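Novice: Provide a 3D model corresponding to the input given below.
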Amino acid sequence: MVLQKKDFIEIEFTGKTKEGEIFDSNIKEDLKKTNLSSEPKPFIFCIGEGMFLKSVEDFLLGKDLGEYYLELSPEKAFGNRNSALVQVLPGKVFREHKLNPIPGTMFSFDGRLAKIISSSGGRVIVDFNNPLSGKDVNYKIKVLRKVEDIKEKIGAFNEFLFRKNFDFEVKDKKIILKAKKDMVNFIALFKEKYKDIFEMDLEVQEIQEIEKKE
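Specialist: Modelled structure (predicted):
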C-alpha cells in the first residue's frame, strides 16, 4: 500500500528539537517527559490538506505503514527567526486588559501567539516569532493504519477544524451536520473544503434547543 494525497491515516508521533526537547507528541510515555498538558489520543489526518506540518505530509507521500524518522531544518519546519516580529508595545495595552507582562509569559494577540521578552519603563518587548522558529527539529512517526471508514474520516476532520464533535450523517452523497445556531454560519464557510476532500456536499442543520420551563 502506498500513501497518496487525500488519504486519511492514523499516526503516533513525537516531535523534538535538535537538543532533545519534546514539543509535540501523542505518545503517553513521551508526554510524561514534558510539561505539556496534552492528553495522549489517536491522531488522524488527511495527507496534503494542511492538517499537519507540510514537510511531514510531503515526506509521507509514497510511504507505507511503518516507522519513520526525519530531520528538518528551520526552513522546512517552523521557519527562520524574523527580527521584524520582535516588537515594542506600550505597557498600557496590558494594563487596560489587566494583564501582567512577565518575561517568558505567552499571550495571544488576535490569534497570534507572542512571548514577552522584557518589560520596563512602560515598554514591553514582545516576540511574535514561532517559539520553534530558527530551530532544527526531528519527528519520529509510526503510521498505524490507513483510515477507510467515511464517518471516521469526517469525524477527524470536524475535530481538526472546530475542536468539537458534531452529530452528523452521510446520506445521498451529502454530509448533514447538526450544530447550534451560533456555529451554523461559521461551519458553512468550509463547504468547499468538505466538497474537495470528501466529494460530497455539506449541509448544516441548526439544532433546535428546547427551553427549560420552571
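
Novice: going forward, measure contacts between C-alpha atoms and count neighbours the same way
Specialist: Fine.

Novice: which residue ranges make up each domain of the protein?
Specialist: 1-80+135-148, 83-127, 149-214 (automatic domain parsing).

Novice: what's the most buried one of those domains?
Specialist: Counting by mean count of other C-alpha atoms under 10 Å, domain 1-80+135-148 has the highest mean neighbour count of the domains of the chain, with a mean of 16.

Novice: one step back: kindly reformat the domains of the chain as JSON lines containing mean pLDDT.
Specialist: Formatted as JSON lines, these follow (pLDDT from 0 to 100):
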{"stretch": "domain 1-80+135-148", "mean pLDDT": "95"}
{"stretch": "domain 83-127", "mean pLDDT": "90"}
{"stretch": "domain 149-214", "mean pLDDT": "91"}
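
Novice: can you tell me how far residue 95 sits from residue 123?
Specialist: Between residue 95 and residue 123 the computed distance is 12 Å (C-alpha to C-alpha, to the nearest Å).

Novice: what's the closest non-adjacent residue to residue 8?
Specialist: Closest residue in space to residue 8, ignoring its immediate chain neighbours: residue 46 at 4.3 Å, by C-alpha to C-alpha, 6 or more residues apart in numbering.

Novice: now do residue 208
Specialist: Here the residue nearest residue 208, using C-alpha to C-alpha, 6+ apart, is residue 180, at 7.6 Å.

Novice: which SS class is residue 62?
Specialist: Following DSSP: H, G, I helix; E, B strand; the rest coil, residue 62 is assigned to coil.

Novice: list the contacts for it?
Specialist: Counting by C-alpha atoms under 8 Å, 6 or more residues apart in numbering, residue 62 makes contact with 2-4.

Novice: same thing but 6 Å
Specialist: Taking C-alpha atoms under 6 Å, 6 or more residues apart in numbering, we find residue 62 in contact with 2-3.

Novice: repeat that for the one 4 residues further on.
Specialist: Residue 66 makes contact with 142-143 under the criterion C-alpha under 6 Å, 6+ apart.

Novice: quick one: the helices in this protein?
Specialist: Using DSSP state H, the helices of the chain run over residues 28-31, 54-60, 92-96, 150-162, 181-188, 191-198.

Novice: compile those into a markdown table and extend it with columns for distance to residue 69.
Specialist: Listed next are the helices of the chain as a markdown table, based on distance: least, C-alpha to C-alpha, whole Å:
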| stretch | distance to residue 69 |
| --- | --- |
| helix 28-31 | 15 |
| helix 54-60 | 10 |
| helix 92-96 | 42 |
| helix 150-162 | 24 |
| helix 181-188 | 36 |
| helix 191-198 | 27 |
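
Novice: which of these sits closest to residue 130?
Specialist: When the helices of the chain are compared by C-alpha to C-alpha, helix 54-60 sits nearest residue 130, at 15.7 Å.

Novice: how distant is that closest one from the center of its chain?
Specialist: Its chain's C-alpha centre and that of helix 54-60 lie 15 Å apart, by C-alpha atoms, centre = their mean, to the nearest Å.
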